[in-house]
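# no sequence on this one, just coordinates:
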DNA sequence: ATTTTTAATGTATAATTAGCATCAAACGAG
DNA sequence: CTCGTTTGATGCTAATTATACATTAAAAAT
């Protein structure tokens, strides 16, 4: 039994006329006749009472089989549609990772919101993870895409797409003498206590702070790491020290705190989308395409 | 999309190995490879990640499509089974007619009970109808089989199968002088009032009573026809007259009534099964076969 | 580096399907 | 009652498709 036989059967049952059924199927009457004969042979029973002249009618077996044939065909159509939609990336699921600092700026939520609007059938799962962990998870296939901070090197299987350049700013208390300067020079920051966020593993901020120290000719004094940006700013507001934060945390304005750029040093953090080079999942490819489209 | 492609897809998904799947499908690896390629082309997406060596895996699309494919295949198997069972006459429905006198003897219920035991999936509809009406209905296709009383002629499209010979007996009151005779001669019955059942149309009993009259040399005196055998016997028990009934109504023993055969005259009624000569419905053919099997 | 495993593919062949022409039966018109 | 028309079946041929075998290419294990 094959689907084309059932399609033919259904059409004849609808038309009750071999030649008309053939026409609507885009084939010839002889083909229809043979196809039905094959189906009847497969089932071991006649499906139509053929009478030359007057109308073809369903046999009792044919009448019992017709609803079954319709069920099979409708099921097949649904299934085919599912397969095609899956192939176009319209259904499925995707695991997306992001670094905490990217979420704060709204970048991640913008991309994800736009993607969901174009692919409402896809189940989107978001996980906040540090950059190295995301790279690991993507390589292992447990994560499909990750909004991470730029690295100098990536594993070969990872494709890294720079999305935007975020400036890193110094957060300080407005009563501090340096608050009067529009921009801070690296040398201004010698002897200052720094607060950096620490999300379970070594974060990128530590490395950038070292760069700052090298540029300013000092070794940064780093206080006990805190668990998120809000805590950094709270500590800065309390006068405990200076913070190093991405510009996007300006969204979290705490009274008494100010954000100042560092002059003479390109202190930035690139937001990068990481996916597998060999990615084949239509869902992930569609997500990637959507991000690339919104980038430019 | 065709079913054999889905069968192939499911098998590979189960085996995760093209060559093994091919073996279990009774074909070759190259065929399986090409069949899956065709399905992938039809859906516009890859279904398997092939890696020479190590194991084949489902793609995300393949994983979404697999349950659909299984649904289609299971539905197709169910449908095919329905078609085949319909072809074997195991499911469907059948309209069976019977004359009232045949029901009383239990003949009809015996045949029908046995048939239902062998074909529990068939919906059996029973209708009590007079012989001429049954013949009409069978010819018109509104009835599939009929337990009728024998006729001398049938329409060409009707096939009549004699099932059994029922004796017709005289029912009389035990106080009647003739009750002392073991058998009645036709001549004994001159001048007697006869009661015959009448089921809406002229029944066969009238004709047999005429025969009796001719044999006995008298014109039968027939009282107002009554509606069933019980009424006949009740009237006989009340002494209103004699009845002419099939032997099987002996099952309805009324106090004061006796049944006596008529000597010297073959007063019988043949029970006949009527079907269409050109019958094609497997259900009806199975019923017919069952009746013929139980006849001998 | 070599061998082994395994899916893809070239190629020839077998099988199936499709198309055309024709046939045979049924029905209606005259 | 005959003739013409309709309509599904069927014989034949061409085209398409499926199958089988042999080989290839790539990946993994030794």
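Nice, thanks for sending it over. Model, not experiment: these values are computed from the prediction.
# confidence score at the closest residue to DNA strand C within the stretch 1-150 of chain A?
The stretch 1-150 of chain A approaches DNA strand C most closely through residue A:30 (3.2 Å), counting by C-beta to the nearest atom of the strand. (Each C-beta comes from the backbone N, C-alpha and C, glycine too.) Confidence at residue A:30, expressed as pLDDT, is 93.
# what does residue A:202 give?
56.
# Then residue A:144?
pLDDT, read off for residue A:144, is 95.
# So residue A:289 versus DNA strand C, what's the distance?
Computed as C-beta to the nearest atom of the strand, to the nearest Å, the residue A:289 to DNA strand C distance reads 25 Å.
# quick one: what helix or strand has that residue in it?
In the assignment (DSSP states H and E), residue A:289 maps to helix A:282-295.
# same check, this time on residue A:154
Applying DSSP H and E, one finds residue A:154 in no helix or strand.
# buried stuff in the helix holding residue A:289?
For helix A:282-295, a neighbour-count test (16 or more other C-beta atoms under 10 Å in any protein chain shown) marks A:282, A:283, A:284, A:286, A:287, A:288, A:290, A:291 as buried.
# Enumerate every residue touching the fifth one.
Which is residue A:287. For residue A:287, the contacting residues are A:89, A:94, A:96, A:115, A:119, A:122, A:144, A:145, by C-beta atoms under 8 Å, 6 or more residues apart in numbering or on different chains.
# and these as a markdown table, adding distance to residue B:128 and neighbour count?
Compiled in a markdown table, the contacts of residue A:287 are given as follows (distance: C-beta to C-beta, whole Å; neighbours: other C-beta atoms under 10 Å in any protein chain shown):
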| residue | distance to residue B:128 | neighbour count |
| --- | --- | --- |
| A:89 | 66 | 25 |
| A:94 | 69 | 22 |
| A:96 | 74 | 21 |
| A:115 | 71 | 24 |
| A:119 | 66 | 22 |
| A:122 | 64 | 19 |
| A:144 | 72 | 26 |
| A:145 | 75 | 27 |
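# Select, from the residues you listed, the two members most distant in space.
A:89 and A:96 (14.1 Å; C-beta to C-beta).
# Residue of the stretch 101-250 of chain A nearest chain B, please.
residue A:144 (9.2 Å; C-beta to the nearest C-beta).
# give the contact list for that residue.
Counted by C-beta under 8 Å, 6+ apart, residue A:144 has contacts A:94, A:95, A:96, A:138, A:275, A:276, A:279, A:281, A:283, A:284, A:287.
# Which helix or which strand is home to residue A:9?
Assigned by DSSP H and E, residue A:9 falls in helix A:3-15.
# same thing with residue A:272?
Using DSSP H and E, residue A:272 falls in strand A:268-276.
# mind checking how far that strand is from the chain centre?
Strand A:268-276 sits 14 Å away from the centroid of its parent chain (C-alpha atoms, centre = their mean, to the nearest Å).
# got the angle between it and helix A:282-295?
Orientation of strand A:268-276 against helix A:282-295 (axes from the mean of the first three to the mean of the last three C-alpha atoms, to 10 degrees) gives an angle of 150 degrees.
# what's strand A:268-276 packed up against?
On a contact count with 3 or more C-beta pairs under 8 Å, 6 or more residues apart in numbering or on different chains; DSSP states H and E, strand A:268-276 meets helix A:131-140, strand A:145-149, strand A:158-173, helix A:282-295.
# how about the helices in chain A?
With helices called from DSSP state H, chain A shows them at A:3-15, A:18-25, A:29-43, A:60-87, A:100-104, A:107-118, A:131-140, A:204-216, A:229-237, A:282-295.
# highest average neighbour count across those helices?
Comparing these by mean neighbour count (mean count of other C-beta atoms under 10 Å in any protein chain shown), helix A:100-104 ranks first with a mean of 22.
# What is that helix packed up against?
strand A:145-149, helix A:229-237, strand A:242-246.
# Indicate which one of the ones you listed is closest to DNA strand D.
Nearest of the helices and strands packed on helix A:100-104 (C-beta to the nearest atom of the strand): strand A:145-149, 23.0 Å.
# Quick one: residues in contact with the closest one.
Residues contacting strand A:145-149 (C-beta under 8 Å, 6+ apart): A:94-99, A:101-102, A:107-108, A:111, A:129, A:131, A:134-135, A:137-138, A:160, A:163, A:204, A:269-275, A:284, A:287-288.
# Stretch A:44-60 too?
Against stretch A:44-60 from outside (C-beta under 8 Å, 6+ apart): A:9, A:12-13, A:16-18, A:36, A:39-40, A:61-62, A:65-66, B:83-84, B:86-88, B:92-93, B:280-283.
# Give the buried residues for stretch A:263-273.
A:265, A:267, A:269, A:271, A:272, A:273.
# So, low pLDDT: which residues of the stretch 51-200 of chain A?
In the predicted model of the stretch 51-200 of chain A, residues A:52-54, A:199-200 satisfy pLDDT under 70.
# try it again with 80
For the stretch 51-200 of chain A, applying pLDDT under 80 flags the ranges A:51-54, A:198-200.
# Would you point out which residue of the stretch 151-296 of chain A is nearest DNA strand D?
Counting by C-beta to the nearest atom of the strand, the stretch 151-296 of chain A gets nearest DNA strand D through residue A:278, at 9.7 Å.
# Name the nearest residue to that residue, ignoring sequence neighbours.
Residue nearest to residue A:278 in three dimensions, not counting chain neighbours: residue A:157, with 6.6 Å by C-beta to C-beta, 6 or more residues apart in numbering or on different chains.
# quick one: the one you found and residue A:274 touch, right?
No. Between residue A:157 and residue A:274 there is no contact under C-beta atoms under 8 Å: 10.3 Å.
# Those two: which is more packed in?
residue A:274 (25 against 14; other C-beta atoms under 10 Å in any protein chain shown).
# what residues does chain A put near DNA strand D?
A:17-19, A:29-30, A:33-34, A:36-37, A:50, A:52-53, A:56 (C-beta under 7 Å from any atom of the strand).
# try it again with 10 Å
Within chain A, the positions lying close to DNA strand D (C-beta under 10 Å from any atom of the strand) are A:2, A:4, A:12, A:15-22, A:28-37, A:40, A:46-56, A:278.
# How many neighbouring residues does residue A:163 have?
Count around residue A:163 with other C-beta under 10 Å applied: 21.
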